[in-house]
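1. Structure for this input, please:
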Amino acid sequence: MKLSDEERSNIRQAFGQMSLREKLDYIWTYYKIPIVAAAATLFFIVSYGGHLLTRKPVLLYAACVNVAVGEDVLTALNGGFAGTVADAPQNAVVDLATGLYLTADASDENHEYAYASRLKLMAAITDEKLDVVLMNREAYDLLSGNGYLLPLPGLLAGDPALAGALGPYLAENTVILSDNAIEVELGEAEDYEAETEQAVNAVEATGLPRLADAGFDGEVFVGVIGNTPRAQTVRDYLAYLAAA
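-> Numbers count the residues shown, from 1 in each chain. As a prediction, the model looks like this:
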């Protein structure tokens with residue numbers, strides 16, 4: 001309701017006669033909603049501005065799946081890569097996700113964690129924010145079987161030197177083109193059947209000089225996600241890992 005000039009004058013006089021505490025109580029009682037809204041807006045602006053100022057440019061997105069890595073390996077995977085990329089932005093980094101876990105065993109005690117990891121990986125792939133994966137044999141079989149990994153001969157075709165350096169360490173795995181897994185799960189079919197093909201879609205990580213002394217437990221592979229929009233940077237990264 002709009003106040004008259006006389007009412008406004010009376011309020012101002014009454015406000016002027018209040019003690020400091022009474023004034024603060026009055027302001028909070030009648031203006032707390034806009035105060036809270038202004039404070040929330042200011043907090044968002046400061047937080048977002050701080051995030052923009054501290055965020056480092058990302059050259060490449062990578063993930064470790066079913067592989068535990070120490071500081072030495074993390075340094076090898078990220079450390080000096082930016083320095084090998086021409087015109088890389090200052091403070092650029094490899095965005096490396098760790099602690100991800102995949103399994104096809106529904107009885108695995110970490111199955112729920114594996115499901116959450118799978119969702120996280122699928123979201124990153126959909127958003128084109130996953131380029132390279134460091135994985136153990138189980139994760140390699142799962143990602144290859146589901147067609148998430150890029151065949152490497154095509155990626156390396158434009159770089160004969162890199163193809164030659166990685167050649168001895170290339171790995172082949174099965175890709176499932178089609179199957180009746182859903183029918184088997186629903187009880188509509190008894191026997192599992194699949195149409196598959198073989199693809200060269202990973203590199204044995206222990207053959208790469210920068211990872212040769214990592215002390216991995218068992219087989220570990222480096223694969224490239226099929227929908228990566230950063231093919232040249234991926235080639236630069238593989239060359240970095242293959243450098244002595």
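2. Need the CA coordinates for stretch 139-158. PDB is fine.
-> C-alpha atoms of stretch 139-158 as PDB (Å, rounded to 0.1, in the frame of the first residue of the first chain):
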ATOM      1  CA  ALA A 139      37.900 -51.800 -17.300                       C
ATOM      2  CA  TYR A 140      39.600 -52.100 -20.800                       C
ATOM      3  CA  ASP A 141      37.400 -55.100 -21.600                       C
ATOM      4  CA  LEU A 142      34.200 -53.300 -20.500                       C
ATOM      5  CA  LEU A 143      35.000 -50.000 -22.300                       C
ATOM      6  CA  SER A 144      36.200 -51.800 -25.500                       C
ATOM      7  CA  GLY A 145      33.200 -54.200 -25.500                       C
ATOM      8  CA  ASN A 146      30.800 -51.300 -25.300                       C
ATOM      9  CA  GLY A 147      32.500 -49.400 -28.200                       C
ATOM     10  CA  TYR A 148      33.700 -46.400 -26.200                       C
ATOM     11  CA  LEU A 149      37.300 -46.600 -27.300                       C
ATOM     12  CA  LEU A 150      38.700 -45.100 -30.500                       C
ATOM     13  CA  PRO A 151      40.600 -47.500 -32.900                       C
ATOM     14  CA  LEU A 152      44.100 -46.100 -32.800                       C
ATOM     15  CA  PRO A 153      45.400 -46.900 -36.300                       C
ATOM     16  CA  GLY A 154      43.200 -44.100 -37.700                       C
ATOM     17  CA  LEU A 155      44.200 -41.700 -35.000                       C
ATOM     18  CA  LEU A 156      47.900 -42.300 -35.600                       C
ATOM     19  CA  ALA A 157      47.800 -42.400 -39.400                       C
ATOM     20  CA  GLY A 158      48.800 -38.800 -39.700                       C
END
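3. Now do that stretch: everything it contacts.
-> With Cβ atoms under 8 Å, 6 or more residues apart in numbering as the test, stretch 139-158 has contacts from 65-67, 102-104, 125, 133, 135, 162-163, 166, 170-171, 173-177, 199-203, 219, 221, 223-226, 228, 231, 234-235, 238. C-betas here are computed from N, CA, C, even on glycine.
4. just stretch 59-66 next, same as before
-> Applying Cβ under 8 Å, 6+ apart, the set of residues contacting stretch 59-66 is 77, 81-82, 85, 88-89, 92-103, 117, 121, 124, 129-136, 138-139, 143, 230, 233-234, 237.
5. Please narrow those residues to those residing in helices.
-> Counting by DSSP state H, the contacts of stretch 59-66 place 77, 117, 121, 124, 138-139, 143, 233-234, 237 in helices.
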